[in-house]
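[1] Would you be able to build a 3D model of this:
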Amino acid sequence: MTLTRGRLGSRAMGMEVIELITLGRRSGRAHRTMLTVPVVDGDSLVLVASKGGDDRDPDWLANLRREPTVQVVRRGETGEWRARLATPEECDVLWPRVVAAYRAYDRYRRRASRDVPLVLCEPSPPA
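    Presented below is the predicted three-dimensional model:
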């Protein structure tokens with residue numbers, strides 16, 4: 001994404017693509033993950049921790065649970081964001097929108113033997 005200023009691969013399957021940078025919960029090093037954003041809710045980006053329907057949570061989720069301050073590269077711009085798990089009430093509203101954006105998320109959700117969390121990334125207020 002750096003070479004293309006966020007243009008290459010900025011959309012996949014009709015969804016925006018971002019680069020999420022978390023701090024490794026054990027290493028403390030930056031870890032970069034490309035993720036789709038099926039829903040933008042106001043200023044919040046909704047991320048799906050599906051790992052393709054795997055029974056285990058993705059590493060990026062474990063990392064942000066430990067350190068919720070993350071970096072997001074979006075449209076060629078890098079910013080500091082705060083990540084949090086969506087509440088059950090938010091999930092009730094957001095899951096239908098997520099599935100409407102990409103139906104395979106419903107299949108991933110049914111395949112997994114765990115609750116697939118939704119994560120809201122919200123821009124950090126300027127210091």
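
[2] Now do the worst-scoring helix or strand of the chain on mean pLDDT: everything it contacts.
    Across the helices and strands of the chain, mean pLDDT, DSSP states H and E gives its lowest value to strand 11-12, namely a mean of 82. Strand 11-12 is contacted by residues 17, 36 when judged by C-beta atoms under 8 Å, 6 or more residues apart in numbering. Bear in mind the C-beta positions are built from the backbone N, C-alpha and C, glycine included.

[3] any idea how far Val116 is from the residue nearest to the spatial centre of the chain?
    Centroid-nearest residue in the chain: Leu47, 2.9 Å away (criterion: C-alpha atoms, centre = their mean). Leu47 is 11 Å from Val116, where distance means C-beta to C-beta, to the nearest Å.

[4] picking up where we left off before, mind giving me the packing neighbours of the helix or strand containing the residue nearest to the centre of the chain?
    For Leu47, the element it lies in under DSSP states H and E is strand 44-48. Counting contacts by 3 or more C-beta pairs under 8 Å, 6 or more residues apart in numbering; DSSP states H and E, strand 44-48 is packed against strand 30-37, helix 88-101, strand 118-123.

[5] Now for Asn119: which residues touch it?
    Just so we're on the same page, residue 119 is Val rather than Asn. Here Val119 is in contact with 46-49, 61, 64, 83-86 (C-beta under 8 Å, 6+ apart).

[6] Buried subset of the residues you listed as a ChimeraX selection?
    To isolate the buried ones among the contacts of Val119 in ChimeraX, judged by 16 or more other C-beta atoms under 10 Å, type:
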select :46,47,48,49,61,64,83,85,86
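
[7] List just the nearest of the contacts of Val119 to Cys121.
    Within those, the smallest distance to Cys121 is 5.0 Å, found for Ala83 (C-beta to C-beta).

[8] for the closest one, what are its contacts?
    By C-beta under 8 Å, 6+ apart, the contact set of Ala83 is 47, 64, 68-70, 119-122.

[9] again with Glu90
    Counting by C-beta under 8 Å, 6+ apart, Glu90 has contacts 118, 120.
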